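**Q** What follows is a predicted structure for the sequence shown.
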Amino acid sequence: MPEKGSVGLMQRTADIAIIGGSGFYSLFDSGDDLLIDTPYGPPSAPLVVADVAGRSVAFLPRHGRDHQFPPHRIPYRANLWALHALGVRQVLAPCAVGSLRPEAGPGAVVLPDQLLDRTSGRSATFHDGPVPAHVAFADPYCPSGRGAVLATCAAEGADAVDGGTLAVIDGPRFSTRAESRFYAASGCSLINMTAMPEAVLARELAVCYTGVALVTDYDAGVDAATAVTQESVFSTFAANVARLRDLLVRVVPRLPATSARDCPCARALEGIAVSG
């Protein structure tokens, strides 16, 4: 693998990160801004690190602080590399999704356990050769992270849907009705534009990755009378972002310590010859 980039203010580290999605551009009232140089350029924004319930947590807005990066232009490799260089080994990844099923409407929180990658042209690996490195990715989301989110929801009396397959498309346009119905017929229950390659890049770094999906709309194939619009997606996410932020903060103390991780993600590089 390439050599690690430099990290500013290395006295601050973090073992947990939250990557904010559309409309989720800040987490802390105060914290340390860290500028991290990576072999893949700068991340979407400076990382902000603060203490949450006795844990050091980094926050990174996926699209940048001003939403300047559309989904197909997000510097995914720089983002994940920077977090890993900071010491992050567990990522909570909230995201806006469309629902492909009528039973999960706007405002629902879903913990997907599978994904279907329909993106193209994105740099989706750190392993460009010459040494081959093929990570296991049968189960793309961390079981420990998913369990922590579900346990938090249960303890708080909050509803969360356990499981579902997330179709990931390039965007930035929304799906046609035919495409939406195709994904639903393929067994997908959610649709999104950013979960890949974010999830697999985390796996290539042996970082636990937990997607926390907030449903913002019914996708085009669910209701023939309506169409998805950017305004409706952003509006629904904004109306629920405080609830989502509070949930993620309460999940943090339930995540295992880095030294106590016992999940497939932590062992992802075992038996793999990594160059660099």
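**A** It's in.
**Q** pLDDT below threshold where in the stretch 101-250 of the chain?
**A** Counting by pLDDT under 70, not a single residue of the stretch 101-250 of the chain qualifies.
**Q** All the strands of it, in order from the start?
**A** 109-111, 114-117, 161-162, 165-168, 190-192, 208-218 (DSSP state E, counting those that start in this stretch).
**Q** Columns mean neighbour count and distance to residue 267 on top of these, output as a markdown table?
**A** To be clear about C-beta, it is placed using only N, CA and C from the backbone, and glycine gets the same treatment. Below are the strands of the stretch 101-250 of the chain laid out as a markdown table (neighbours: other CB atoms under 10 Å; distance: least, CB to CB, whole Å):
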| stretch | mean neighbour count | distance to residue 267 |
| --- | --- | --- |
| strand 109-111 | 21 | 22 |
| strand 114-117 | 18 | 20 |
| strand 161-162 | 16 | 24 |
| strand 165-168 | 25 | 24 |
| strand 190-192 | 27 | 27 |
| strand 208-218 | 26 | 11 |
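**Q** Compare these and report which one is nearest to residue 132.
**A** Closest approach to residue 132 among the strands of the stretch 101-250 of the chain (CB to CB): strand 114-117, 19.7 Å.
**Q** Just the CA trace of the closest one, in PDB.
**A** Extracted C-alpha coordinates of strand 114-117, given in PDB (Å, rounded to 0.1, in the frame of the first residue of the first chain):
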ATOM      1  CA  GLN A 114     -26.100  -5.800   2.600                       C
ATOM      2  CA  LEU A 115     -25.500  -3.600  -0.400                       C
ATOM      3  CA  LEU A 116     -25.600  -3.800  -4.200                       C
ATOM      4  CA  ASP A 117     -22.900  -1.800  -5.900                       C
END
